[in-house]
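Engineer: what's the 3D shape of this:
(chains A and B)
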Amino acid sequence: MPVRVLSTQEMKLDSEDDVVLIRRAVRALADRRGFDSFASAALTTAVTELGRNVWVHARRGKAIIEELEDALKPGLRVEFRDEGPGIPDIDWAMAGGNSTASSLGLGLSGTKRLVDEFHLQSEVGRGTTVRITKWKRF
Amino acid sequence: MMLSTREYMNRLGFTEQELASRRAYFQLADEDLSRLAALRPFAERHNDAVVDAFYQELILKHADSRLFFTDQASLQRAVAAQKRYFLELFSGACDLDYLENRLKVGATHQRIGVAPKWYLGAYAHYLRLISTRLLAEKGHSAETQGQLQSIQKIIFFDMAIAIETYIAAGMDALARHQAAIRELSTPVIQVAEKVLLLPLIGTIDTARAMQVMESVLMRVVDRQARVLILDIAGVPVVDTRVANHLLQTTEAVRLLGAATILTGISPQVAQTMVQLGVDLSAMHTRANLEEGLELALDLTGRVIRPKEK
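Structural biologist: Residues are numbered from 1 along each chain as shown, chains lettered A, B, ... in the order given. All right, here's what the predicted structure looks like:
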């Protein structure tokens, strides 16, 4: 059964406050689609991590939020796109415990554990795209 | 804090260079300015009638805009200011002083709460009244056509400045509110001797995290605190950055000789932090504030016990 996209919305991200607005939009959708509070917390935390990454490393970008449906199972997909410096060594960045921005360095690896699907694409000098998906549990 | 017009000029980047680029963009040439200057006597002759007409026809006919004039004196002041303001359109000058005067007008309107629709509506009305009179006096000709275009150019040039000032002033108001909220939401409370409580509420952004850390450290020293309780029940999301701030605060507080107790962690936040891989073993943790307080008293050698009968 193919994944159907029920809705798509795009939000700009060019300030730290935009990270909060995007998170609130995602949380509202998660609640509306009946995600349990644990899944909702995991997804909104993941969105915060990735949104902050865009803000810290690229200063601007956007988030594309999609409501999905797969065999009547609701899901949410959020894609962050920026045209920032890109990630030179993805394996290193994903290994965890590494940090370039005085944080804990767990952002990417930790975020991956919070969601069901995680896809990262980055090119140095061109930008980074991270796409995450979370499905509602039964 | 209100900014002075000079500061606004800087903020909006109103420099000689910007002025030149604006004039080019609005195609406001020297030729237009000399046309306007040549129209000055015409404007002086009609200005009173035009401004009075637009107050009668426009401003005072609308309940919302009439609200700005509660008494006759303020109405007269506004009308007089407006007359001076419109005459300046025909000054033939368009330098930084001109820009600053226009900016002042925008800032004043924003401050007293005149919505841009009234400002723009008044301009449109003024433009119509003055062009009707110009055409009546000088007839349709290539010359009047050119004059009307010059008036239109300076008016659009002016409106752009005023609207930008509106927006900048609005952003300032927003920033002031945000600063006020930040200040309000970081109270460090002494709950017992040597025990401080910091209830964190809302989103912890970079600026707030810094402020929180600084005020906490000062209070720990002031009060010679031994324990700091950080309650995060009101924090919607604890991501690695927030966790990092908590850990840094804990480390700094430890250097001052005090321990940190983290309370108010919801089951959802607890699970999320484990999945993220955040290690908070450097701090004591308790599920709620009540248990956190018990631990804090325990660490400072005290207990809460029932009153003896």
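Engineer: What distance do you get for residue B:290 to chain A?
Structural biologist: When CB to the nearest CB, to the nearest Å is the yardstick, residue B:290 and chain A sit 22 Å from each other. C-beta here means a position set from N, CA and C on the backbone, and glycine is covered the same way.
Engineer: Packing partners of the strand or helix carrying that residue?
Structural biologist: Element membership for residue B:290 (DSSP states H and E) is helix B:289-299. When contacts are defined as 3 or more CB pairs under 8 Å, 6 or more residues apart in numbering or on different chains; DSSP states H and E, helix B:289-299 sits against strand B:189-192, strand B:195-201, strand B:227-234, strand B:259-263.
Engineer: ok, residue B:256 - how many residues close by?
Structural biologist: For residue B:256, the neighbour count with other CB atoms under 10 Å in any protein chain shown is 14.
Engineer: Now do it, the pLDDT please.
Structural biologist: In this model, residue B:256 is scored at 95, pLDDT.
Engineer: coming back round to it: now the helix holding residue B:290, how far from the chain's geometric center?
Structural biologist: In terms of CA atoms, centre = their mean, to the nearest Å, the centre of helix B:289-299 is found 41 Å from the chain centre.
Engineer: circling back: identify whichever of the helices and strands packed on helix B:289-299 lies nearest to chain A.
Structural biologist: Nearest to chain A, of all these, is strand B:227-234, at 13.0 Å by CB to the nearest CB.
Engineer: Identify the neighbouring strands of that closest one in the sheet and state each direction.
Structural biologist: Here strand B:227-234 is paired, per DSSP bridges, with strand B:195-201 (parallel), strand B:259-263 (parallel).
Engineer: For the first one, which outside residues touch it?
Structural biologist: It stands for strand B:195-201. For strand B:195-201, the external contacting residues (CB atoms under 8 Å, 6 or more residues apart in numbering or on different chains) are B:185-191, B:212, B:216, B:219-220, B:223, B:225-235, B:264, B:289, B:293, B:296-297, B:300.
Engineer: Tell me which helix or strand comes right after the one helix or strand residue A:69 maps to, heading toward the C-terminus.
Structural biologist: Using DSSP H and E, residue A:69 sits in strand A:61-70. Reading on from strand A:61-70 to the C-terminus, the next helix or strand found by DSSP H and E is strand A:73-82.
Engineer: And the residue of the stretch 51-200 of chain B found nearest chain A, how far from residue B:11?
Structural biologist: Nearest residue of the stretch 51-200 of chain B to chain A: residue B:178, at 8.5 Å (CB to the nearest CB). From residue B:178 across to residue B:11, the span is 17 Å (CB to CB, to the nearest Å).
Engineer: Report pLDDT for residue B:52.
Structural biologist: Note on residue B:52: pLDDT of 85.
Engineer: who touches it in this structure?
Structural biologist: By CB under 8 Å, 6+ apart, the residues touching residue B:52 are residue B:79.
Engineer: is it fair to say it lies in a helix?
Structural biologist: Yes: looking at residue B:52 with DSSP: H, G, I helix; E, B strand; the rest coil, it is inside a helix.
Engineer: helix/strand/coil for the residue nearest the centre of chain A?
Structural biologist: The structure's chain A has its C-alpha centroid closest to residue A:47; by CA atoms, centre = their mean the separation is 4.2 Å. State at residue A:47, reduced to three classes by three-state DSSP: helix.
Engineer: if we can go back for a sec, can you list the strands paired with strand B:227-234 in TSV and add mean pLDDT?
Structural biologist: Output for these, formatted as TSV (pLDDT from 0 to 100):
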stretch	mean pLDDT
strand B:195-201	92
strand B:259-263	96
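Engineer: ranges for the strands of chain A?
Structural biologist: Applying DSSP state E to chain A gives strands spanning A:4-13, A:61-70, A:73-82, A:117-123, A:127-135.
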